[in-house]
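Here's a sequence, model it:
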Amino acid sequence: MDYEKVLSNRAKTIKPSGIRKFFDLASQMEGVISLGVGEPDFTTPWAIREAAIYSIEKGRTFYTANRGLSELREEICKYYQRKFNVSYDPEKECIVTVGGSEGIDIAIRAIIDPGDEMIVLDPGYVAYTPGVELSEGIAVPITLRHEDQFKLTPDLLKAAITPKTKAILLNYPSNPTGGFMTKEDYAKIVPIIKESGIIVISDEIYGELSYEDQFCSIASFEEIKDQCIIINGFSKAFAMTGWRLGYVLSNPVLSKAMLKIHQYIIMSAPSPAQYGAIEGLKHCDDEVQQMRESYKARRNFCVKAFNDMGLETFKPQGAFYVFPCIKSTGLTSDEFCEKLLDDQKVACVPGTAFGPAGEGFIRVSYAYSIEELKVATEKIAKFVKKIKG
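Predicted coordinates for the structure are as follows:
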């Protein structure tokens with residue numbers, strides 16, 4: 001039987017993740033130092049683990065309500081109020097999801113029909129464009145500029161909006177660039193969003209990992225709040241990647257539509273993870289602050305190290321990635337990463353994994369110890385010196 005004929009066109013034409021290629025190459029080599037994984041190296045705070053363990057011991061392992069545990073939804077909404085000054089109704093405007101990834105998926109599916117355009121940012125996280133394409137929408141990229149530190153500017157947004165534009169997908173602080181939008185930056189594009197009537201899907205998973213400037217949720221602008229779908233979760237700030245827990249906040253109409261999709265594909269997020277997350281939101285601010293300070297120190301080290309070796313790197317204001325420019329080496333992003341892996345056994349991700357605008361850059365995660373980063377950057381510096389002669 002020719003199983004290729006059984007596959008849908010979407011399954012056959014969707015591109016594999018550009019990140020996976022280098023993970024697979026690195027896994028086949030011994031002694032590789034990987035700077036490619038966007039995963040905290042911290043253990044989930046004990047209070048969260050203890051609450052989850054207790055829930056299992058008490059037999060709380062059944063399905064929860066489709067929207068998630070009511071207490072968790074209440075704590076999520078309290079969290080967004082106290083942290084970002086944005087209020088939501090836990091009964092009608094909050095859905096607990098299986099990671100932020102499910103939240104992005106149901107948000108796109110709830111609003112995109114075949115042929116609708118959704119603006120995505122380039123460079124941008126690898127799952128965004130495929131998510132639009134799987135809903136048979138058209139992903140329209142905005143090429144962000146290094147000289148703007150990969151911020152979304154009013155001129156770029158205006159030029160991208162067409163009569164077919166249904167939505168825009170934002171991600172600040174950004175994966176892969178570490179780009180950041182301040183409240184003042186958002187204020188410049190909010191009138192454009194308001195006038196156009198487009199929906200904003202804002203992936204705010206790295207919101208807690210903001211450094212010099214305080215994070216601003218775009219939903220804090222009351223005039224466009226009802227146009228916003230906020231995606232967030234526990235993976236990054238609370239070091240809970242394997243727990244697979246996220247959430248979506250939006251107006252009641254959008255939330256109801258997303259809930260219908262969520263009901264059929266998921267039922268509910270894992271119960272013990274939900275109980276753990278309640279404890280995290282209530283009592284783990286100090287642990288989050290400690291992790292943030294550690295990431296900030298690592299960021300400062302990496303920015304200096306890459307600039308010292310001649311790879312221009314701006315100082316990101318959020319997330320845990322730097323995005324060095326490697327154009328001075330004369331290599332493409334793929335060539336640089338492949339040769340670096342072969343020569344020094346250090347794995348980074350080529351910027352092109354995140355879109356065409358990533359050419360000439362590499363993504364380096366600093367979610368590793370300073371000791372590991374020192375060894376890795378020394379090896380990269382040695383490689384760059386060899387390449388440049």
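
is the closest residue in space to Val37 that isn't next to it in sequence in a bridge, and if so with what?
Nearest residue to Val37, sequence neighbours excluded (Cβ to Cβ, 6 or more residues apart in numbering): Ser365, at 5.9 Å. Heads up, the C-betas are built off the backbone N, CA and C, glycines and all. Here Ser365 sits in beta bridges with Tyr321, going by DSSP bridges.

I'd like to know how many residues surround Ser365.
Ser365 has 24 neighbouring residues, counting by other Cβ atoms under 10 Å.

Tell me how far it lies from Asn300.
15 Å (Cβ to Cβ, to the nearest Å).

Point out the other helices and strands that the lowest-mean-pLDDT helix or strand in the chain packs with.
Every helix and strand in the chain was compared by mean pLDDT, DSSP states H and E; the lowest is helix 18-27, with a mean of 72. Counting contacts by 3 or more Cβ pairs under 8 Å, 6 or more residues apart in numbering; DSSP states H and E, helix 18-27 packs against helix 333-344, strand 346-347, strand 349-350.

who touches the longest one?
Under the contact criterion Cβ atoms under 8 Å, 6 or more residues apart in numbering, helix 333-344 has outside partners 22, 25-26, 29, 32, 326, 329, 331, 346-352, 358-362, 379-380, 382-383, 386-387.

ok, now with 7 Å
Applying Cβ atoms under 7 Å, 6 or more residues apart in numbering, the contact partners of helix 333-344 are 22, 25-26, 326, 329, 331, 346-352, 358-362, 379-380, 382-383.

Repeat that for the second one.
The set of residues that contact strand 346-347 without belonging to it, under Cβ under 7 Å, 6+ apart, is 22, 26, 32-36, 340-341, 376, 379-380.

Most neighbours of all these, which one?
When neighbours are counted by other Cβ under 10 Å, Ile380 leads those with 25 neighbours.

Enumerate every residue touching it.
Ile380 makes contact with 309, 340, 344, 346, according to Cβ under 7 Å, 6+ apart.

Check the gap between the nearest residue to Asn232 once chain neighbours are set aside and Leu156 for me.
Excluding the flanking residues, the one nearest Asn232 by Cβ to Cβ, 6+ apart is Glu204, at 4.8 Å. Distance of Glu204 to Leu156, given as Cβ to Cβ: 20 Å.

quick one: which of the two has more around it?
Neighbours were counted for Glu204 and for Leu156 using other Cβ under 10 Å; Glu204 has more, 23 against 17.

ok, back up a step: arrange the helices and strands packed on helix 18-27 in TSV, one row each, with mean pLDDT and distance to Met240 as further columns.
Listed next are those as TSV, based on pLDDT from 0 to 100; distance: least, Cβ to Cβ, whole Å:
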stretch	mean pLDDT	distance to Met240
helix 333-344	95	29
strand 346-347	95	24
strand 349-350	96	22
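
Lys12 belongs to a helix?
Yes - residue state for Lys12 (DSSP: H, G, I helix; E, B strand; the rest coil) corresponds to a helix.

Give me the neighbour count for it.
8.

Please apply the same query to Phe23.
Neighbours of Phe23 (other Cβ under 10 Å): 14.

Next, the spatially closest residue to it that is not a sequence neighbour: secondary structure please.
In this structure, Phe23 finds its nearest non-sequential neighbour in Gly36, 6.4 Å apart by Cβ to Cβ, 6+ apart. What three-state DSSP gives for Gly36 is coil.

Go ahead and confirm Gly36 touches Phe22.
Yes - between Gly36 and Phe22 there is a contact at 5.9 Å, judged by Cβ atoms under 7 Å.

Excluding chain neighbours, what is closest to Ser135?
Of all residues beyond its chain neighbours, the one nearest Ser135 is Ile112 (4.3 Å), with distances taken as Cβ to Cβ, 6+ apart.

Tell me how many other residues crowd the one you found.
23.

just the strands in the protein please.
Applying DSSP state E to the chain gives strands spanning 33-34, 94-97, 117-122, 138-143, 165-171, 199-203, 228-233, 246-249, 321-322, 346-347, 349-350, 362-365.

Determine how far the longest one lies from the middle of the whole chain.
Right, strand 165-171. 14 Å (Cα atoms, centre = their mean, to the nearest Å).

about what we covered before: let's see the PyMOL selection covering just the buried ones among the contacts of Ile380.
Remark: buried members of the contacts of Ile380, expressed as a PyMOL selection using 16 or more other Cβ atoms under 10 Å:
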select buried, resi 309+340+344+346
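
Let me know the closest of the contacts of Ile380 to Ser87.
Relative to Ser87, the closest of the contacts of Ile380 is Val346; by Cβ to Cβ it sits at 45.6 Å.

next one: phi and psi at Leu152?
phi -90, psi 120 (degrees, to the nearest 10).

Tell me if I'm right that it and Tyr186 touch.
No - judged on Cβ under 7 Å, Leu152 makes no contact with Tyr186 at a distance of 8.9 Å.

Give me the local confidence score for the residue nearest the centre of the chain.
Nearest to the geometric centre of the chain sits Asn175, at 5.1 Å (Cα atoms, centre = their mean). Asn175 is assigned a pLDDT of 97 by the prediction.

residues in contact with the closest residue to it other than its chain neighbours?
Using Cβ to Cβ, 6+ apart and skipping the chain neighbours, the partner closest in space to Asn175 is Tyr125 (4.9 Å). Tyr125 sits next to 171, 175, 354 when contact means Cβ under 7 Å, 6+ apart.
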